[in-house]
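> structure for the following, please:
(one chain, ligands or ions: 3)
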Amino acid sequence: MNQLEQAKAELESLNAELESRVKARTDALADSNEQIQTEKKLLRDLINNIPDYIFIKDADSVYLACNTAMENYFGVPESEIVGKTDFAFVDATTAEFFRQRDKEAMASSSISVNEELITYPDGQQFYLETIKVPFKDDQQRIRGLIGVGRNITERKQADQKLELAAKVFSHAREGIMITDASGTILDVNDTFTRITGYSHKEAVGQNPRLFKSNHQSPEFYSVMWSTLLEKGHWYGEIWNRHKNGSEYAEMITISAVTNTLGQVQNYVALFTDITLIKEHQQELEHIAHYDALTGLPNRVLLTDRLHQAMLRSKRCNHSLAVVYLDLDGFKSVNDNYGHQVGDDLLMAISKRMKIALREGDTLARIGGDEFVALLVDLEQVTNCEQILERLLQAASSLITLENSELQLSASIGVTVYPQDDVDADQLIRHADQSMYIAKQEGKNRFHIFDISQDVAIKSKQASLENINRALVEREFILHYQPKVNINSGQVIGAEALIRWQHPERGLLSPADFLPIIENHPLAVQLGEWVINTALTQIREWQSAGLHIPISVNIGAKQFQQADFVERMTALLAFYSDIQPGYLELEVLETSALEDLSAIAEKIKACREMGIRFALDDFGTGFCSLTYLRHLPVDVLKIDQSFVRDMLEDPDDLAIVKGVIGLANTFSRQVIAEGVESISHANMLVSMGCELAQGYGIALPMPAEQMLYWVNKWHSEGRWKA
Ligand code: C2E
Ligand code: MG
Ligand code: MG
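Residues are numbered from 1 along each chain as shown. Ligands and ions are numbered 1, 2, ... in the order given. Next comes the predicted model:
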């Protein structure tokens, strides 16, 4: 091979070598460019995916580049942002503000952080946090800045919330205590310290047991904890102990704070000091339950204790005595020494009486000088007698007040429960009634309530109801007993006598039921029924041809009614077809007629209407002569007791004679009751009394038998002198 060829070959080889190197180099260059492009894209993506606003500005605050967040913020693509300043996108004030901040950042030549509340013209506000870093050229000249902006509005709001919470915590008027799940105190506020006396430092790390007082039972706390765990909160009142040892009451709400899994993380307790309210409440309760003068329980508390004692008494099979005590002659102390001394005396006596009782007994003041004691847990009724004696002694002990020695006594009424098995009010009433008996029996003594007597009173009550019912059911009837003139044989009238046709007990006479209603309004009602029935009877008999007056007995209660005359007037007006003279009213001489002149007026008024009057049972009362003198009656009825026995008893005979004489002297008619035989009749006629009524003439009979009887009486001509 020649040199030329060799050189050529070398050259070719060199060329190939060069070519391959160039290719390798070109390939390598292409690769690196591609890598750069990839890395550049990666970087770009990274920056664009950052939610913060990222931007680069030159020294004149002209945008050089920005990320997607920035595009979204201004609402235009990067290409439209680059080359412009903030003045192109936001209002001038905000733009100017940004520019100033840019300048400051570039002047400081280090990282500057700003936080500003931005307000847009539309009023929208948000917090923007910006970090700006200046960048320089090789000659250390500032060329611009790189900025990162972030909307921190939410964080700001959260901060503000926290700040507010902290303020609430420290300024709250309530004490606040936060513990962890195990109850260890984590934080407390100032009010906590003010209420408990423990500083923040002293409290944190401790357990709330620190404040525990002995007011609450272990059960109280176990209920509190179970409620707290079950419901997540508890509230109530607790008495706690202050650091200085005193006790205070608080109204507290405890809430459990749980995490998202529902596990308790903290307990928060809010409480207020209610000691003053409690004290005031206790004061009010005291006023409501205790007597201001003596400090003894008042009626309200007494009633409450009585109820409780009654329950316990039944449970334990023990008796309970209700003791009603009234001081004798206390009024005269007030009158003679003044109210102050009276008050002092009450205080002194109540102290002594309290000492006379046992522990567990109650002494209450229920009014002026009236006290009630409850003696509880009596195994035997007689057990209380000793205590009663002690009470009497205490009430009658000598007491020195303002240099005067005073001594009273007490009258005591007692009833024992459950022997006296009534309710609380009635127990007090029974004791009160017995106290009155003690007073009547001479004071300075006790009287124990008589249950059997009470039963009698109760049965009276029952019969009152029965009588009322009988009146409604028309069980009363009138029988009539004829009155005759023994001389002429003439039937001169009939007396209406009431009977009760009792569905079970048969025909009852007035003595069986009239005494029960004697002072009861029913007496008036029944009396009116009698007059009405009698008037109807007069009419019936008259239409049957029998023209006789009927006399009606009239009770004191009825006669003393204020409107008696008016009612009689109305009645007679109703029976206008009957002459009032056919009605005679018999007033019992023994009836306790008060205010004689008023009675006399009534009799006068009725007589003016034509009604006749008789003085019944004359001679049996104390005031026969007084009545005779004052009451303008037409007839005197000599009481049957004198007439019946006059044949054997000269005294009775003398009385009968005397009454007949009086009647003549005072120009009154006279009629004898209780004429049981012809001998009676003869004797009466011989003394000048012709009118008579009695079993010897006729027994009281039903109305329908009267016609028959009158006919028979006349036809037989018996007793005709
Ligand atoms: P009184 O008004 O003196 O009536 C006479 C009583 O003596 C009657 O008793 C009569 O049955 C009874 N009697 C009549 N003749 C004889 C006799 O010869 N011997 C005996 N031993 N007794 C005789 P009665 O019906 O039981 O009435 C008793 C009293 O009840 C009456 O005494 C009268 O005070 C009162 N009374 C009767 N009915 C009424 C009435 O409707 N209203 C009022 N307020 N009282 C009445
Ligand atoms: Mg009579
Ligand atoms: Mg009579």
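> what average pLDDT does stretch 486-497 get?
When pLDDT is averaged along stretch 486-497, the result is 94.
> over to stretch 577-587?
Stretch 577-587 comes out at a mean pLDDT of 95.
> do the same with stretch 220-238
92.
> chain center to that stretch: distance?
29 Å (CA atoms, centre = their mean, to the nearest Å).
> buried stuff in that stretch?
224, 228, 234-235, 238 (16 or more other CB atoms under 10 Å). Just so you know, the C-beta spots here come from the backbone N, C-alpha and C atoms, and that holds for glycine as well.
> give me the residues contacting it.
215-216, 249-256, 258, 264, 267, 271, 274, 278 (CB atoms under 8 Å, 6 or more residues apart in numbering).
> now with 10 Å, please.
Outside of stretch 220-238, the residues within contact range by CB atoms under 10 Å, 6 or more residues apart in numbering are 183, 208-209, 211-213, 215-217, 248-258, 262, 264, 267-271, 274, 277-278.
> C-alpha coordinates for that stretch, PDB please?
Taking Å, rounded to 0.1, in the frame of the first residue of the first chain, the C-alpha atoms of stretch 220-238 are listed here in PDB:
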ATOM      1  CA  PHE A 220     -74.000  11.500  95.500                       C
ATOM      2  CA  TYR A 221     -70.700  11.300  93.800                       C
ATOM      3  CA  SER A 222     -71.400   7.900  92.300                       C
ATOM      4  CA  VAL A 223     -74.700   9.200  90.800                       C
ATOM      5  CA  MET A 224     -72.900  12.300  89.500                       C
ATOM      6  CA  TRP A 225     -70.200  10.200  87.800                       C
ATOM      7  CA  SER A 226     -72.600   7.700  86.300                       C
ATOM      8  CA  THR A 227     -74.700  10.500  84.900                       C
ATOM      9  CA  LEU A 228     -71.600  12.200  83.500                       C
ATOM     10  CA  LEU A 229     -70.500   9.000  81.800                       C
ATOM     11  CA  GLU A 230     -73.900   8.100  80.500                       C
ATOM     12  CA  LYS A 231     -75.100  11.500  79.300                       C
ATOM     13  CA  GLY A 232     -71.900  13.400  78.800                       C
ATOM     14  CA  HIS A 233     -72.800  16.100  81.300                       C
ATOM     15  CA  TRP A 234     -74.000  16.700  84.800                       C
ATOM     16  CA  TYR A 235     -75.200  19.700  86.600                       C
ATOM     17  CA  GLY A 236     -76.200  20.400  90.200                       C
ATOM     18  CA  GLU A 237     -75.300  22.000  93.400                       C
ATOM     19  CA  ILE A 238     -72.200  21.000  95.400                       C
END
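> renumber starting at 39 from here on
Let's use 39 as the start, then, which means that last one is stretch 258-276.
> related to what we said a few turns ago, so which of the contacts of stretch 258-276 belong to helices?
Among the contacts of stretch 258-276, the ones falling in helices (DSSP state H) are 315-316.
> in strands, which of the contacts of stretch 258-276 fall?
Among the contacts of stretch 258-276, DSSP state E puts 286-296, 302, 305-309 in strands.
> buried members of these into PyMOL, please.
Only the buried entries of these go into this PyMOL selection, using 16+ other CB under 10 Å:
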select buried, resi 286+287+288+289+290+292+293+294+305+306+307+308+309
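> can you list the residues of the stretch 189-338 of the chain near ligand 2?
Nowhere does the stretch 189-338 of the chain come near ligand 2, counting by CB under 5 Å from the ion.
> identify the residue spatially nearest to whichever residue of the stretch 189-338 of the chain sits closest to ligand 2, adjacent ones excluded.
When distances are taken as CB to the ion, the stretch 189-338 of the chain reaches nearest to ligand 2 at residue 337, 49.7 Å away. Spatial nearest neighbour of residue 337, excluding adjacent residues (CB to CB, 6 or more residues apart in numbering): residue 404 at 4.5 Å.
> picking that back up, I'd like the buried residues of stretch 258-276 laid out as TSV, including distance to ligand 1 and secondary structure.
Shown next, in TSV, are those (distance: CB to the nearest ligand atom, whole Å; DSSP: H, G, I helix; E, B strand; the rest coil):
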residue	distance to ligand 1	secondary structure
262	74	helix
266	78	helix
272	75	strand
273	72	strand
276	73	strand
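> tell me which two in the residues you listed are the farthest apart.
266 and 276 (12.8 Å; CB to CB).
> what is the burial count for the residue lying closest to residue 719 once chain neighbours are set aside?
Leaving aside its sequence neighbours, residue 719 sits nearest to residue 524 (CB to CB, 6+ apart; 4.8 Å). Residue 524: 22 surrounding residues under other CB atoms under 10 Å.
> if we can go back for a sec, my read: the residue nearest to residue 337 touches residue 334, true?
Yes - assessed by CB atoms under 10 Å, residue 404 is found in contact with residue 334 at 9.3 Å.
> identify the contacts common to the two.
340, 410.
> the two: which is more packed in?
Between residue 404 and residue 334, residue 334 has the larger neighbour count (other CB under 10 Å), namely 23 against 19.
> element containing the residue nearest to the spatial centre of the chain, please.
In the chain, the residue lying closest to the centroid (CA atoms, centre = their mean) is residue 338, at 11.6 Å. Using DSSP states H and E, residue 338 sits in helix 337-354.
> do residue 404 as well
strand 400-405.
> how about the next helix or strand after that strand: buried residues?
Reading on from strand 400-405 to the C-terminus, the next helix or strand found by DSSP H and E is strand 408-416. Buried residues in strand 408-416, defined by neighbour count with 16+ other CB under 10 Å: 408-414, 416.
> strand 408-416 packs against which elements?
Secondary-structure packing of strand 408-416 (3 or more CB pairs under 10 Å, 6 or more residues apart in numbering; DSSP states H and E): helix 337-354, strand 357-366, helix 377-394, strand 400-405, helix 421-433, strand 447-455, helix 462-478.
> pick the one among the buried residues of stretch 258-276 closest to residue 593.
Of all the buried residues of stretch 258-276, residue 593 sits closest to residue 273, with 69.7 Å by CB to CB.
> please work out which residue of the stretch 289-438 of the chain is closest to ligand 1.
Using CB to the nearest ligand atom, the point where the stretch 289-438 of the chain gets nearest to ligand 1 is residue 362, with a distance of 37.3 Å.
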